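**Student:** Need coordinates for the following:
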Amino acid sequence: MITLAEAKLHLRLIDDIADADSYTVEDTHIQALIGAAYRHAEQVTRVMFEKRNETLVLDGFPSGSESIELPWTPVASIESLDYIDADGISQSLDAETLRLDTRPITPRLAPQWGSLWPKTIDEPESVTLIAGVGMDVTPPDVRAALLLLIGHLYENREAVVIGTISSEVPLGVQMLLAPYTLHSVG
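**Tutor:** Residues are numbered from 1 along each chain as shown. I've put the predicted structure just below:
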């Protein structure tokens, strides 16, 4: 994760990381730009760079032992898997009863070999899965792209700039994110 101090240094608001506390006027704004840059990179690439928990709500488990395709990559862990059983009682599945396959581009979750998903109530939103997603360390080229984007957003605070000629920096944000971009077919 890019820190507030690193962003300030990149924006040339401070001369050294140790000086980060000497300039705090725009901390909230800069922190928002860091978040926006991460969200943009994740939306463009479909890869989760920032570590956090995400929630997936389903209308039931797949039939038998079919896997659930998780909408995030990478997935580090399954934090919880709660469901409402056929009798209407809330239940939880232990992590030991699950098989998380992170090898494919789209991670999959299935019950352990030889077991089946439990039956759920026939109602929407009967399964809630919370997964730990994101990378431990943001790759250097993604960090560079994020800092470029933070700098751009910091300098251009309005939706329209009047009276200037501008162009995209060649070999900029898009080029740096391209190796991480997951493409969909179909």
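
**Student:** What's the biggest helix in this protein, counting residues?
**Tutor:** helix 27-45 (DSSP state H).

**Student:** for that one, which positions count as buried?
**Tutor:** 30, 33-34, 37-38, 40-42, 44-45 (16 or more other Cβ atoms under 10 Å). C-beta here means a position set from N, CA and C on the backbone, and glycine is covered the same way.

**Student:** And for stretch 109-118?
**Tutor:** 109-111, 117.

**Student:** go on, stretch 73-82?
**Tutor:** 73-76, 78, 81.

**Student:** which outside residues touch it?
**Tutor:** 46-48, 51, 53, 90-93, 95, 98, 100, 102, 105-107, 109, 127-135, 182 (Cβ atoms under 8 Å, 6 or more residues apart in numbering).

**Student:** same thing with stretch 124-140?
**Tutor:** 1-2, 48-61, 68, 70, 72-84, 109, 120, 146, 180.

**Student:** Narrow these to those in strands?
**Tutor:** 52-58, 68, 75-84, 109 (DSSP state E).

**Student:** Show me the shaky parts of the chain.
**Tutor:** 167-171, 186 (pLDDT under 70).

**Student:** Can you spell out the domain ranges of it, please?
**Tutor:** 4-48+138-180, 52-133 (automatic domain parsing).

**Student:** picking that back up, which member of the buried residues of helix 27-45 is positioned nearest L9?
**Tutor:** I30 (11.0 Å; Cβ to Cβ).

**Student:** List only buried entries from the contacts of stretch 73-82.
**Tutor:** Applying 16+ other Cβ under 10 Å to those flags 46-48, 93, 98, 100, 107, 109, 127-129, 131-135 as buried.

**Student:** Counting neighbours, which bits of whichever strand or helix holds Y154 end up buried?
**Tutor:** If you go by DSSP states H and E, Y154 is part of helix 140-155. Neighbour counts using 16+ other Cβ under 10 Å place 142-154 of helix 140-155 among the buried residues.

**Student:** Name the next helix or strand downstream of that helix, please.
**Tutor:** Downstream of helix 140-155 (by DSSP H and E), the next one is helix 173-177.

**Student:** contact partners of that next one?
**Tutor:** 41, 44-45, 141-142, 144-145, 148-149, 152, 168.
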